[in-house]
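Novice: sequence unavailable; structure follows:
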Ligand code: C5P
């Protein structure tokens with residue numbers, strides 16, 4: 001799998017999403033569908049994007065008992081998504097069940113990646129509310145190793161964690177990294193940001209880019225700039 005730029009299509013409805021993507025006439029970007037759009041439109045938005053030739057990362061972050069996750073993953077896999085995710089906090093048993101559910105009758109399956117600790121969770125909140133008493137980077141690496149042991153393909157992490165994850169889990173274990181901003185761009189609500197070029201140096205396999213592309217005056221040029229910095 002080569003490096004790629006994934007556009008976070010954080011739109012409230014399918015019409016807005018499809019209008020946005022219709023600006024891309026030369027390329028078919030890899031897209032990420034999150035909870036907002038999926039809950040608004042349901043499975044049809046995934047089928048529609050696949051029919052239009054896009055690769056789809058379905059960012060629904062499943063976390064439930066193993067049997068429920070296994071059956072839900074089987075449904076999502078049938079939609080043709082290319083990458084799906086879950087919370088590593090669901091434990092290895094849940095991740096292994098998810099993998100079983102994902103495998104299609106023809107033997108193929110989407111890539112499965114794990115969220116370790118959300119980047120919105122601080123070390124202090126993790127200690128005070130979740131009663132996890134270890135440093136954040138140790139927790140992230142340990143969750144990544146659990147995901148690897150369960151047979152998953154990678155994790156979602158901050159770009160600055162990508163190198164450590166590769167060292168602990170191997171070069172082939174995928175790091176999918178949001179929190180990307182252009183050097184001259186607005187950070188918005190993201191705190192620990194990196195440019196596409198720095199994410200490439202840090203070892204990210206996929207960057208997930210939302211507002212720097214979706215809110216750009218010319219989204220196609222912004223996307224091409226990401227590809228030029230990160231892939232080419
Ligand atoms: O607009 P922006 O580039 O900040 O979008 C980043 C995308 O990545 C959003 O869809 C956000 O929900 C997602 N994400 C994130 N941080 C995580 C996990 C997912 O920003 N730790």
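Specialist: The structure has been received and is ready for your questions. Owing to the predicted nature of the structure, the values given are computational and were not obtained by experimental measurement.
Novice: and stretch 118-138, end to end?
Specialist: 14 Å (Cα to Cα, to the nearest Å).
Novice: pLDDT of it, averaged?
Specialist: Average pLDDT, stretch 118-138: 92.
Novice: so how far is stretch 172-188 off the chain centroid?
Specialist: Relative to the centre of its chain, stretch 172-188 is centred 11 Å away, using Cα atoms, centre = their mean, to the nearest Å.
Novice: mind listing what's buried in that stretch?
Specialist: Under the neighbour-count criterion of 16 or more other Cβ atoms under 10 Å, stretch 172-188 has 173-182 buried. (Glycine included, C-beta is placed from N, CA and C.)
Novice: considering only these, which also neighbour the ligand?
Specialist: 178-180 (Cβ under 6 Å from any ligand atom).
Novice: just give me the closest of those to the ligand.
Specialist: residue 178 (3.3 Å; Cβ to the nearest ligand atom).
Novice: measure the closest one to residue 119 for me?
Specialist: Distance from residue 178 to residue 119, counting by Cβ to Cβ, to the nearest Å: 8 Å.
Novice: what residues are shared contacts of these two?
Specialist: Common neighbours of residue 178 and residue 119 (criterion: Cβ atoms under 8 Å, 6 or more residues apart in numbering): residue 158.
Novice: tell me which stretches of the chain form helices.
Specialist: Along the chain, the segments classed as helices by DSSP state H run 14-21, 35-41, 43-51, 66-77, 91-102, 123-128, 136-149, 162-169, 196-202, 211-214, 219-230.
Novice: most packed of the ones you listed?
Specialist: helix 211-214 (a mean of 21; mean count of other Cβ atoms under 10 Å).
Novice: save the buried residues of stretch 172-188 as TSV, and put in pLDDT and distance to residue 217 too.
Specialist: Listed next are the buried residues of stretch 172-188 as TSV, based on pLDDT from 0 to 100; distance: Cβ to Cβ, whole Å:
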residue	pLDDT	distance to residue 217
173	98	37
174	98	32
175	98	30
176	97	27
177	95	25
178	95	22
179	92	22
180	95	18
181	95	16
182	96	13
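Novice: so which bits of this structure are right by the ligand?
Specialist: So far as Cβ under 6 Å from any ligand atom goes, the chain lies against the ligand at 8, 10, 34, 118-119, 156, 178-180, 188, 190, 208-212.
Novice: closest one of these to the ligand?
Specialist: Nearest member of the residues of the chain next to the ligand to the ligand, counting by Cβ to the nearest ligand atom, is residue 210, at 2.5 Å.
Novice: how many neighbouring residues does that closest one have?
Specialist: Using other Cβ atoms under 10 Å, residue 210 is surrounded by 19 other residues.
Novice: check residue 117 too.
Specialist: 21.
Novice: just checking, it touches residue 139?
Specialist: Yes. Taking Cβ atoms under 8 Å as the definition, residue 117 is a contact partner of residue 139 at 5.8 Å.
Novice: which neighbours do the two share?
Specialist: Common neighbours of residue 117 and residue 139 (Cβ under 8 Å, 6+ apart) are residue 126.
Novice: in the longest strand seen in the chain, which residues are buried?
Specialist: Determined from DSSP state E, the single longest strand within the chain is strand 56-62. Residues 56-62 are the ones in strand 56-62 that count as buried (16+ other Cβ under 10 Å).
Novice: show me the contacts for residue 101.
Specialist: Residue 101 touches 69-74, 77, counting by Cβ under 8 Å, 6+ apart.
Novice: returning to that earlier point: would a markdown table of the buried residues of strand 56-62 with pLDDT and distance to residue 162 be doable?
Specialist: Below are the buried residues of strand 56-62 laid out as a markdown table (pLDDT from 0 to 100; distance: Cβ to Cβ, whole Å):
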| residue | pLDDT | distance to residue 162 |
| --- | --- | --- |
| 56 | 98 | 22 |
| 57 | 98 | 17 |
| 58 | 98 | 21 |
| 59 | 98 | 18 |
| 60 | 98 | 22 |
| 61 | 98 | 19 |
| 62 | 98 | 23 |
